[in-house]
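Chemist: Quick one, what's the 3D model for this:
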Amino acid sequence: MENALLIGLSRQTVLERQIDVVANNIANVNSPGFKADRSLFEEYLASGAHEDNFVGRDRRVSFVLDRGTFHDFSQGSFEQTKNPLDIAVSGSGFLTVQTAAGERYTRDGGLQINNVGQLVTAGGDQVVGTGGPIVFQPTDHDINIAPDGTVTVLEASGRTDSIRGKLRLVSFTDAQKMLKEGSNLYSAGEAAPQPDTKSVVQQGFIEKSNVSGVAEMSTMIEVTRAYAQIANLLQQQSDLHKSAIEKLADVPA
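Modeler: Here you go, the predicted structure:
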């Protein structure tokens, strides 16, 4: 294949991967605490011309390389729910939860109490406190979650706060090494969790997804148009080859 076809194919491959990333962002525009992914591209130079009449920069062929993706950990906007079990984390901290696969981390603060009194996520994963699981008594009421994550309640027979635990907030020096696992959960990957004392918990709020639906839809349209333009270019190249072959094969009588 000629260089134009190879370059066009490399670009189409990258666009196909980019549309997958954009589509996943759009699908999670309403997922609490979701963090968008962004695509990384770079230019790959290869020598495709070897004749003596190609000199300098004309010897290099520029391909498009899909470098990978990175997490956009920018803060999402907060939505007030007034639900005492809803929390939003202001800062770089993550909630620690216990799953069947081990400890995982999330920014989704839509919490619940399960049938045995444990504080869990919407997916049923147990929220981990600094001293273990956070468990409520059937008579507990007026649940309060302090900015530092301390969970207190009023018991039926008392007027003073009783502590039920403290949310275990962690942060990562290199959060880009964290791995998404679906259901708004991250595994640590090669990153090491550290206790987070700077993030602040806001009770009665939910952090919304940091995905901008309008921006992602615009990106999807741009990617789709670019893919179609390259497809037209490749078709034109194919037609040109076909025409050249037909004319070369037309031997004069």
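Chemist: what about the helices in this structure?
Modeler: All helices of the chain, identified by DSSP state H, fall at 3-27, 213-249.
Chemist: Need those helices in a markdown table (columns: mean neighbour count, mean pLDDT and distance to residue 205).
Modeler: For the C-beta atoms, the positions are set from N, CA and C on the backbone; glycine is no exception. Shown next, in a markdown table, are the helices of the chain (neighbours: other Cβ atoms under 10 Å; pLDDT from 0 to 100; distance: least, Cβ to Cβ, whole Å):
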| stretch | mean neighbour count | mean pLDDT | distance to residue 205 |
| --- | --- | --- | --- |
| helix 3-27 | 17 | 84 | 22 |
| helix 213-249 | 12 | 83 | 21 |
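Chemist: To residue 178, which of these lies closest?
Modeler: helix 3-27 (16.1 Å; Cβ to Cβ).
Chemist: Show me what that closest one is packed up against.
Modeler: Judged by 3 or more Cβ pairs under 8 Å, 6 or more residues apart in numbering; DSSP states H and E, helix 3-27 is in contact with strand 37-47, strand 60-71, helix 213-249.
Chemist: list the contacts for residue 194?
Modeler: Listed by Cβ atoms under 8 Å, 6 or more residues apart in numbering, the contact set of residue 194 reads 170, 171, 172, 173.
Chemist: Most widely separated two among these?
Modeler: So, the contacts of residue 194 by Cβ to Cβ: farthest apart are 170 and 173, at 11.0 Å.
Chemist: Neighbour count for the two, which is higher?
Modeler: residue 170 (20 against 9; other Cβ atoms under 10 Å).
Chemist: what residues go with each domain of this structure?
Modeler: 3-73+211-247, 78-207 (automatic domain parsing).
Chemist: Just name the most buried of those domains.
Modeler: domain 78-207 (a mean of 17; mean count of other Cβ atoms under 10 Å).
Chemist: Let me see the mean pLDDT of that domain.
Modeler: Here domain 78-207 scores 93 as its mean pLDDT.
Chemist: Show the end-to-end separation of it, please.
Modeler: The first residue of domain 78-207 is 5 Å away from its last residue (Cα to Cα, to the nearest Å).
Chemist: What of stretch 123-142?
Modeler: Taking Cα to Cα as the criterion, the two ends of stretch 123-142 lie 24 Å apart.
Chemist: what's that stretch in contact with?
Modeler: 95-99, 103-104, 111, 113-114, 116-121, 143, 151, 153-157, 162, 164-168, 183-185.
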